[in-house]
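1. Please find the sequence and the predicted model below.
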Amino acid sequence: MDNKNAIEILLVEDNPNDIALTLRAFKKHNLLNKVHVVEDGEEALEFLFATGKYSSRDINNNPKVILLDLKLPKVDGLEVLRRVKSDDRTKKIPVVVLTSSREEQDMVESYRLGVNSFIVKPVNIDKFIDAVNKLRYYWLLLNETP
């Protein structure tokens, strides 16, 4: 992904407060212009598979990481994860579930479907921003992908 305008992070989140906090953390580290936000699972799938309003997007220009909430409108996060990890074009994209769900079944199912990491969103704003920064550091700077 050598394109300077490439999307590095696809943020799939329906909560406006969590979107704002996440973008604030990215802005603090000069990443805001490389983040694309979608607010439901259906739009996430359209973006990733270059369909619907994203049909002109190059499907081979994938984000470096997907930050995925589970409780989403239209198509839930587990279904998005299932589709991403079952398609050869997208299955190598690291997916980090970033959710407020503390349900063990959500974590177990996410790992069964191939999630790379499962993080419960911290309630404290400073801890949330710190968690987002650590995600950015690990998945964008340290992690090597095929």
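-> Received it, and whenever you're ready, just let me know what you need. Numbering: from 1, shown residues only.

2. pLDDT weak spots in the chain?
-> The model of the chain has pLDDT under 70 over residues 1-7, 29-33, 122-123, 137, 140-146.

3. show me where it has strands.
-> 9-12, 35-38, 65-68, 95-99, 117-120 (DSSP state E).

4. Parallel or antiparallel, list what pairs with the fourth one.
-> Right, the one you point to is strand 95-99. For strand 95-99, the paired strands and their directions (DSSP bridges) are strand 65-68 (parallel), strand 117-120 (parallel).

5. coming back round to it: could the strands of the chain be laid out in TSV, adding mean neighbour count and distance to K85?
-> C-beta coordinates here come from the backbone N, C-alpha and C atoms, glycine included. Shown next, in TSV, are the strands of the chain (neighbours: other Cβ atoms under 10 Å; distance: least, Cβ to Cβ, whole Å):
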stretch	mean neighbour count	distance to K85
strand 9-12	24	14
strand 35-38	18	18
strand 65-68	26	10
strand 95-99	24	7
strand 117-120	16	13
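
6. I'd like those strands laid out as TSV, including distance to A44.
-> TSV is the format used below for the strands of the chain (distance: least, Cβ to Cβ, whole Å):
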stretch	distance to A44
strand 9-12	4
strand 35-38	5
strand 65-68	7
strand 95-99	11
strand 117-120	17
